[in-house]
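Colleague: generate coordinates for the sequence data below:
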Amino acid sequence: MRTRSLDLALLLVIAFPIFSSVQTTDAVQALRDRLLRITQHLVDALPTGDKAPWERSVADDAIIADEFGCITSKAEAIASLHPFPKGFFGSIE
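Modeller: Residues are numbered from 1 along each chain as shown. Next up, the predicted model:
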């Protein structure tokens, strides 16, 4: 069974092509770089279940929709984060 952590990661991965195909000015490039850094910190936190980056980076009133149409609040999404089971590992870049 897939976890919500993986669902969130997949949703973020889908957004990457949008950011990577934009022609940029210096200001837009700086914003793009910052968004990519934040996103990388978020996906890096998934295997360990580290909730701190998600608490810092996601707005309190955010809603998160996954690829299955499930809509959750920030609190619900963060509560669903758990470390990968022993023996499982992975990364997204």
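
Colleague: how many neighbours does A77 have?
Modeller: A count of nearby residues for A77, using other Cβ atoms under 10 Å, gives 22. Heads up, the C-betas are built off the backbone N, CA and C, glycines and all.

Colleague: which residue is the nearest non-sequential neighbour of it?
Modeller: Spatially, and ignoring its direct neighbours in sequence, A77 is nearest to I64 (4.7 Å; Cβ to Cβ, 6 or more residues apart in numbering).

Colleague: can you give me the buried ones in the strand or helix carrying the one you found?
Modeller: Here I64 is covered by strand 63-65, with elements defined by DSSP states H and E. Going by neighbour count (16 or more other Cβ atoms under 10 Å), the buried part of strand 63-65 is I64.

Colleague: just checking, what packs against the next helix or strand after it?
Modeller: As assigned by DSSP H and E, the chain's next helix or strand after strand 63-65 is strand 71-73. Contact here means 3 or more Cβ pairs under 8 Å, 6 or more residues apart in numbering; DSSP states H and E; on that basis strand 71-73 packs against strand 63-65.

Colleague: state the distance from the residue nearest to A77 to A27.
Modeller: I64 is 27 Å from A27, where distance means Cβ to Cβ, to the nearest Å.

Colleague: swap in E76?
Modeller: Separation of E76 from A27 (Cβ to Cβ) stands at 34 Å.
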